[in-house]
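sharing a sequence plus its predicted fold:
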Amino acid sequence: MSLSTVGCKKSNESNKIKEGQSISSEEKGTSTNKKDKNTTFKPSDYTLKTKKEYVYEYLGLKFKLSNKFKKYMNDKKIAMLDDQSPIDKELKYAFLTFNKMTKEQKKAVVNKKEGGYEKWENGLKRIGTIGIFEKNTSEEKISKMTKCDTHTKIGVSSDGKYDCYFSTNSGSEIKLLNEFKKTEIQIIEKKERPKNGFVLSEKTDLENTEAFKK
């Protein structure tokens, strides 16, 4: 794992949900289209996509995954998802998760209204996480939240309110774990939390592709 700390300029870019963005279980259980009578969906279609670089300004972090790790993601062997504390309350934690998917989990179709997504997600094997936690959160609590047993403190967020961690699960498949450990992470200037409370919005990537559709 490569770590460094840099500064970045504030951006006024709009924060719209990008195609392929992982969505909450509540959103997965509610259709905004009255004509949509589908009650099932394929969770692997909602995992986060690979990019040259991920920039999360509201976390104050950016990182690059190894090419081989991204290939595992593209092959749907790894699911990248996100998780944060309730958006209508003070932010306690927010992180990205990286999870091994079996062939069955890759193909699985679940029911929106019967806890199907939660069961699918809970069945994934955690490889590791990257994220922030309220300062002085114990590693015991972080272990419970992240399902990881090894935590490397990257540093403190630019606003001084959060500890930044790279966490791994020592029980995960060794080749996947070793590739995940090659992740290059930087602490950047952390923007203030947006009005909608969601801090896992991402900035435009290096290819100048809009992370959020307008």
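Structure's in. What do you need? Numbers count the residues shown, from 1 in each chain.

just the helices in this structure please.
Assigned by DSSP state H, the helices in the chain fall at 25-28, 67-74, 103-107, 116-122, 139-146, 174-180.

can I get those helices in a markdown table including mean pLDDT?
Shown next, in a markdown table, are the helices of the chain (pLDDT from 0 to 100):
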| stretch | mean pLDDT |
| --- | --- |
| helix 25-28 | 45 |
| helix 67-74 | 98 |
| helix 103-107 | 96 |
| helix 116-122 | 94 |
| helix 139-146 | 98 |
| helix 174-180 | 98 |
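
among these, which is nearest residue 86?
helix 25-28 (11.1 Å; CB to CB). Where you see a C-beta, it was placed from the backbone N, CA and C, and this is true even at glycine.

mean neighbour count and distance to residue 189 for the helices of the chain - can I get that in JSON lines?
Listed next are the helices of the chain as JSON lines, based on neighbours: other CB atoms under 10 Å; distance: least, CB to CB, whole Å:
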{"stretch": "helix 25-28", "mean neighbour count": "14", "distance to residue 189": "29"}
{"stretch": "helix 67-74", "mean neighbour count": "16", "distance to residue 189": "26"}
{"stretch": "helix 103-107", "mean neighbour count": "12", "distance to residue 189": "37"}
{"stretch": "helix 116-122", "mean neighbour count": "16", "distance to residue 189": "31"}
{"stretch": "helix 139-146", "mean neighbour count": "15", "distance to residue 189": "23"}
{"stretch": "helix 174-180", "mean neighbour count": "17", "distance to residue 189": "25"}
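
nearest to residue 52, of those?
Between these, helix 67-74 lies closest to residue 52; by CB to CB that is 9.0 Å.

just checking, what packs against that closest one?
strand 78-84, helix 174-180 (3 or more CB pairs under 8 Å, 6 or more residues apart in numbering; DSSP states H and E).

run the last query once more with 7 Å
helix 174-180 (3 or more CB pairs under 7 Å, 6 or more residues apart in numbering; DSSP states H and E).
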